[in-house]
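**Q** Please find the sequence and the predicted model below.
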Amino acid sequence: MFVKICGLRDLPSARVAVDAGADAIGFVYHPASPRHVEPAQIRSMVDALMVDARGDVPVETVLVVRGRPIEEVLRVARESGVRTVQFHGGEPDADLQQAVDAGFTVMRALSLAEYVAGGSSGGTSRPPGGRGTFIDARLLLDAPEPGQGQLMEVPDRALLPRTPWILAGGLGVDNVRAQIESLRPDGVDVSSGVESARGVKDHAKIRQFIANARS
């Protein structure tokens, strides 16, 4: 089970996530978010984790963006030193392709309704019917209002992807196991569900979430 801990803002929390076995850690670049971090802050955390691992970050590092110009996204990603960019604002396929061409791996976050309808307003490379892949992007399905701790509503499980996907939205220590068993995602992504206050990570919850996701 792939596990991503998102919305990290400080090195101690990032280290807890890595030590607890997270596959990926996410840093939010979105000034309106309480979890926003600047590129220099992200870089300092990534560099410190590289020192911890003697030169190789033992976890995937992800920059999460929403509705930013692709030129800005690529600049911030390079300055931050991350490996992956997660697009969370209905960006067109061309933006994702530019990120791939620039050497980054990419994730695309959508609500289930957006996924079924065909993805972003910029068009997709997915065949009709809502089942397939975007460019070379991994798919993450989230609640309609990301970052608000809301569970993704699934009126019909037949709508869920048949290809690998990651579940986000409203997950926490107490419900992650049940959601995995019900929806059968290939991975899970959590942010607010492991916080003691908005933007403040709870280290015990991070450890327990990862343990419960893999129990």
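**A** Noted; the coordinates are in hand.

**Q** which residues sit in contact with the closest residue to Arg184 other than its chain neighbours?
**A** In space, Arg184 comes closest to Leu160 once its chain neighbours are excluded; the distance is 7.7 Å by Cβ to Cβ, 6 or more residues apart in numbering. Any C-beta I mention is one placed from the backbone N, CA and C, and that applies to glycine too. Neighbouring residues of Leu160 by Cβ atoms under 8 Å, 6 or more residues apart in numbering: 112, 141, 154, 183-184.

**Q** Next, format the residues you listed as CSV and append neighbour count.
**A** Shown next, in CSV, are these (neighbours: other Cβ atoms under 10 Å):
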residue, neighbour count
Leu112, 21
Leu141, 24
Val154, 15
Leu183, 15
Arg184, 11
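
**Q** List the ones among those that fall in helices.
**A** Using DSSP state H, the subset of the contacts of Leu160 located in helices is 112, 183.

**Q** how about the residue nearest to Arg184, phi and psi?
**A** phi -70, psi 150 (degrees, to the nearest 10).

**Q** Check the one 10 residues further on too.
**A** Gly170 adopts backbone torsions of phi 80, psi 10, taken as degrees, to the nearest 10.

**Q** Burial check on the closest residue to it other than its chain neighbours, number of neighbours?
**A** Nearest in space to Gly170, with sequence neighbours left out and distances taken as Cβ to Cβ, 6+ apart, is Leu151 at 3.4 Å. Look at Leu151: counted by other Cβ atoms under 10 Å, it has 14 neighbours.

**Q** Could you do Gly172 as well?
**A** By the criterion of other Cβ under 10 Å, Gly172 has 18 neighbours.

**Q** Let me know the helix or strand that it is in.
**A** Secondary structure assignment for Gly172, by DSSP states H and E: no helix or strand.

**Q** pLDDT averaged over stretch 208-215 - what is it?
**A** Stretch 208-215 shows a mean pLDDT of 97.

**Q** what sits up against it?
**A** Contact with stretch 208-215 is made by 1, 3, 5, 17, 20-22, 171-173, 176-177, 180, 188, 190, 193-194, as judged by Cβ under 8 Å, 6+ apart.
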